[in-house]
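Visitor: test case, fold it:
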Amino acid sequence: MKVDFIPILTMHKFYPARPPARCLFHMFFCAAILAGPTARAAAQWTTEVSGGAVHASYRGEHQLSWQLETVGHPKGSDAFLPSAFFHPLKTPAGFQWTAALPADHIHHLGLWWPWKYITVDGQQYNCWELQKGEGAHHALSATFIDAGPTALEWQFENEILVRRSGDETGPPVTKGIPVIHETVHARIARHGENANVIDLKILQTPVDQPVTINQHHYSGFAWRGPETWDKSNSVLTTSRGHTRDQANGSGARWVLVTGPGKDGATVSVLIMSAAPDIADTPERMRVWHSKIHHGTPFVNFNPVQAEALPLDADHPAVFHRQYRVIAADREITTEEAETEWRAWRASAARHKDIGNI
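Guide: Modelled structure (predicted):
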């Protein structure tokens, strides 16, 4: 099938909220493309750029947003200018299953995947807490891909920026040096009548010098669940049968969280990792137990919980990661979760998609 690439929006590398004048025509031209029938490659799915984000809707109902432009927060420092994250994400019935900028951790951003610490040229940088002004995971551009009538697909280009020691003026997104380039292939589709499925493939490469992803107990692919969920009304289970109070530090292929949705309905969020296929080992989990913020859902698939890894093709655990997330307006059982993971990986093997982006 022919795949057409349509540029959506390229943000200025260091100050995307206020691009230079030479970029303005490109922005308005791309917006016009998205407003036309070409961008509406899927009859039921539509996508557009507005308010600094890429949005996806199904039959006119908003389902997903990807943040292209930086956003600020009144309690953050001048360095707190996040982008490159999914929020809000919704179920088909419209229940919002992500939280961003919560009061307890303003750097939690829905569904996102910064590294906690990286080392470049002998210096360590914190790329998780943006407010510290050391590093940032920053969106560059988005490209719409014609996926046919049943899905939407994009390619996102991002970068990890750091502020060198001695350069103490300005946040990383205005004064930073790119040290990692990232390409993300993202796809959203219906998964049955009452679920959405999101597929993500993340490829990271050093820009011009070696990068090490440092060991830490949290780092990488993370989800902050809805603020209305906690230990009193939600249940967490992993592929190894661990609960909210047992899962932290354990390895897992998937984690399943269920809680209340709209009008008393049950919502399930199933997050699956391809690391057992790609890296020959499951990622370890950072999970908040019931005594941390009342058990609010925070789930992190972390490939460097046990040891630091160099960012190169010989270490696919950090170089190339794949995840699938299913958000359903119904209860997903643990048996169904295991079936979903096996079906996903079997499909990848049939299509020789285990190591490709």
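
Visitor: now the helices for the chain?
Guide: 21-35, 172-175, 275-278, 316-319, 334-350 (DSSP state H).

Visitor: and these, which one is worst for confidence?
Guide: Between the helices of the chain, the lowest average pLDDT goes to helix 21-35, which shows a mean of 34.

Visitor: distance check, the most centrally placed residue in the chain against Gln96.
Guide: Nearest residue to the geometric centre of the chain (Cα atoms, centre = their mean): Trp112, 3.4 Å. Distance, Trp112 to Gln96, by Cβ to Cβ, to the nearest Å: 16 Å. Bear in mind the C-beta positions are built from the backbone N, C-alpha and C, glycine included.

Visitor: swap in Thr119?
Guide: Distance from Thr119 to Gln96, by Cβ to Cβ: 36 Å.

Visitor: so which of those two has more stuff around it?
Guide: Gln96 (20 against 16; other Cβ atoms under 10 Å).

Visitor: not counting sequence-adjacent ones, nearest residue to the more buried one?
Guide: If the residues on either side of it in the chain are set aside, Gln96 comes closest to Pro88, at 4.8 Å by Cβ to Cβ, 6 or more residues apart in numbering.

Visitor: show me what contacts the one you found?
Guide: 62, 64-65, 96, 98, 100, 110 (Cβ atoms under 8 Å, 6 or more residues apart in numbering).

Visitor: filter the residues you listed down to the buried ones.
Guide: 64-65, 96, 98, 100, 110 (16 or more other Cβ atoms under 10 Å).

Visitor: out of these, who's nearest Glu129?
Guide: Distance to Glu129, by Cβ to Cβ, is smallest for Ala100 among those, at 14.8 Å.

Visitor: grab the nearest non-local neighbour of the closest one.
Guide: Closest residue in space to Ala100, ignoring its immediate chain neighbours: His87 at 4.0 Å, by Cβ to Cβ, 6+ apart.

Visitor: for burial, what's the neighbour tally of that neighbour?
Guide: 22.

Visitor: and what of Ile180?
Guide: 22.

Visitor: just give the closest residue to it, not the sequence neighbours.
Guide: Spatially, and ignoring its direct neighbours in sequence, Ile180 is nearest to Ile160 (3.8 Å; Cβ to Cβ, 6+ apart).

Visitor: for Ile213, see how far away the one you found is.
Guide: Relative to Ile213, and taking Cβ to Cβ, Ile160 is found at 10 Å.
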